[in-house]
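S.K.: quick one: sequence and predicted model below, then my questions.
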Amino acid sequence: MDEAIAEENLKQFKKKIKKISVLPISAAFDQGLEKFKQTIREAVEAAEA
């Protein structure tokens, strides 16, 4: 999400791939990383159960 075109690309991607959850991340602006980490933690906990 660090590039200017990323927002439009994300919209197009979500239209094509509807069954998969997408987590937009911007490393340059430190955005989306907490949600990403939370999602990974939840997936690991679910796999361990």
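M.R.: Yep, that arrived. Residues are numbered from 1 along each chain as shown.
S.K.: CA atoms for contacts and neighbours, from now on please.
M.R.: Noted.
S.K.: quick one: the helices in the protein?
M.R.: 6-16, 33-48 (DSSP state H).
S.K.: mind checking the end-to-end distance for stretch 18-31?
M.R.: The straight-line separation of the ends of stretch 18-31 (C-alpha to C-alpha, to the nearest Å) is 22 Å.
S.K.: state the mean pLDDT of it.
M.R.: Averaging pLDDT along stretch 18-31 gives 89.
S.K.: among the helices of the chain, which is nearest residue 27?
M.R.: helix 33-48 (7.8 Å; C-alpha to C-alpha).
S.K.: and the gap between residue 23 and residue 37?
M.R.: 10 Å.
S.K.: same thing with residue 28?
M.R.: Distance from residue 28 to residue 37, by C-alpha to C-alpha: 17 Å.
S.K.: what of residue 49?
M.R.: Going from residue 49 to residue 37 by C-alpha to C-alpha gives 19 Å.
S.K.: repeat for residue 26
M.R.: Distance, residue 26 to residue 37, by C-alpha to C-alpha: 13 Å.
S.K.: who has more neighbours out of the two?
M.R.: residue 26 (14 against 11; other C-alpha atoms under 10 Å).
S.K.: list the residues that contact that one.
M.R.: 1, 2, 32, 33 (C-alpha atoms under 8 Å, 6 or more residues apart in numbering).
S.K.: give me that answer again for 10 Å
M.R.: 1, 2, 3, 6, 32, 33 (C-alpha atoms under 10 Å, 6 or more residues apart in numbering).
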